[in-house]
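Visitor: Structure for the following, please:
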Amino acid sequence: MININKLPFFQNKLIELQESIYSNDAYPSCFLVSEGICNYKVRLSSSFNPYAIIREYNALEYLKKQGSKLGADILEAKIDGPPESLYLIESFLPGKSLEKYSTDELEKYMPLLTQKISSCLYELHNLKGHKFHSFIGDSYQTYLDMLETHMQRHIRTIGTYDINFANYISKTIKNIHLYEYYWINITPSFLHFDLKPQNIIFDKETTSISLVDFEFARFGDMFHELIRAKMRFSQNTLFFRNLWSHVENCYFQKIGHIPSVKELIYQLYYYVSDLPYYYKINDFNNIICLQEKIKETLIDLE
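Guide: As a prediction, this is how the structure comes out:
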């Protein structure tokens, strides 16, 4: 692992390394570094997502050029070389991730959070691109091309753990071609693509909302973002499930509703993309649960 004390940005500085930052997942490695009253976020690469550093760097740089204040500033970065040598040093965003607040603390802010999160989504999704890509040098002619390319990569990873189940998905997934018309005339929108309570920072003093962890950011279909976020929030407490329901309703008032078949396809993508992680950490309960959900969704699509 990179020695944070030896990074150029921290040379000749007396720093203190904290054990955790916000309330992020165990991957990728994020650290809170303090120098007196100044705080910084240091993000190291992870074996789970080797593209995390370059994708977050490109996404944050893009947001900065667009004048968006939703993400952190990059203070120093190494984006060339082996994945394990890459890192980002970002400004520390004031506040806490939503899940670090108690329900009692957040209840009175429900209307405010609903408005601010839906506005945040609307701002991101109105950043339009000319091509579908995921900030790592890739480019696709249609969103279906991008969807299938990423889906097949996840299926290949699943195959390293369970070749029979991977073959089952690959054989059945061909039915997606029946729905190609759903991806006609989609204008690429900026997607955070990992919206969940842990990645939404709320500062009670200023009532500001910020986003962290753009490691999965891309230009794609805004409806895909909404389905993925809905699934993420559904894994949290009743308060957060209700919060997302309000956010979604507020957002849909502006942009319309999602077709049910398209929702199923994005739901399938969510399950397939998450399954490799649970194989990696040997979480057999979630492996079985996701396998069953994949089977059910494929049956619904047939």
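Visitor: Tell me the spacing between R156 and Y279.
Guide: Going from R156 to Y279 by Cβ to Cβ, to the nearest Å gives 12 Å. Every residue, glycine included, has its C-beta placed from N, CA and C.
Visitor: With neighbour numbers in mind, choose between the two.
Guide: A direct count of neighbours by other Cβ atoms under 10 Å for R156 and Y279 places Y279 higher, at 18 against 12.
Visitor: Look up how far G159 lies from that one.
Guide: Taking Cβ to Cβ, one finds Y279 at 10 Å from G159.
Visitor: next one: Y266
Guide: 22 Å.
Visitor: what about the two, which has more around it?
Guide: Y266 (22 against 16).
Visitor: could you say what helices and strands whichever helix in the chain runs longest packs with?
Guide: Secondary structure of the chain per DSSP state H: the longest helix is helix 260-280. Counting contacts by 3 or more Cβ pairs under 8 Å, 6 or more residues apart in numbering; DSSP states H and E, helix 260-280 is packed against helix 143-159, helix 222-234, helix 284-301.
Visitor: Now tabulate these in TSV and tack on distance to E61.
Guide: Below are those laid out as TSV (distance: least, Cβ to Cβ, whole Å):
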stretch	distance to E61
helix 143-159	21
helix 222-234	20
helix 284-301	34
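Visitor: Check those for me and report the most buried one.
Guide: helix 222-234 (a mean of 21; mean count of other Cβ atoms under 10 Å).
Visitor: Return the distance of that helix from the chain's centre.
Guide: 10 Å (Cα atoms, centre = their mean, to the nearest Å).
Visitor: Check stretch 217-224 too.
Guide: 10 Å.
Visitor: Now do it: distance from first to last residue.
Guide: 12 Å (Cα to Cα, to the nearest Å).
Visitor: contacting residues around it?
Guide: 55-56, 58-59, 121, 125, 129, 131-135, 143, 146-147, 183, 186, 188-193, 255, 258, 262-263, 266, 269 (Cβ atoms under 8 Å, 6 or more residues apart in numbering).
Visitor: Which entries within these meet the buried criterion?
Guide: When the contacts of stretch 217-224 are checked for burial by 16 or more other Cβ atoms under 10 Å, the buried set is 55-56, 58-59, 121, 125, 132-135, 143, 146-147, 183, 186, 188-193, 258, 262-263, 266, 269.
Visitor: low pLDDT regions in the stretch 151-300 of the chain?
Guide: For the stretch 151-300 of the chain, applying pLDDT under 70 flags the ranges 178.
Visitor: which SS class is L93?
Guide: coil (DSSP: H, G, I helix; E, B strand; the rest coil).
Visitor: list the contacts for the residue nearest to it when sequence neighbours are not counted?
Guide: Nearest residue to L93 in three dimensions, chain neighbours excluded: S210, at 4.5 Å (Cβ to Cβ, 6 or more residues apart in numbering). Counting by Cβ under 8 Å, 6+ apart, S210 makes contact with 69-72, 93, 95, 200-201, 203.
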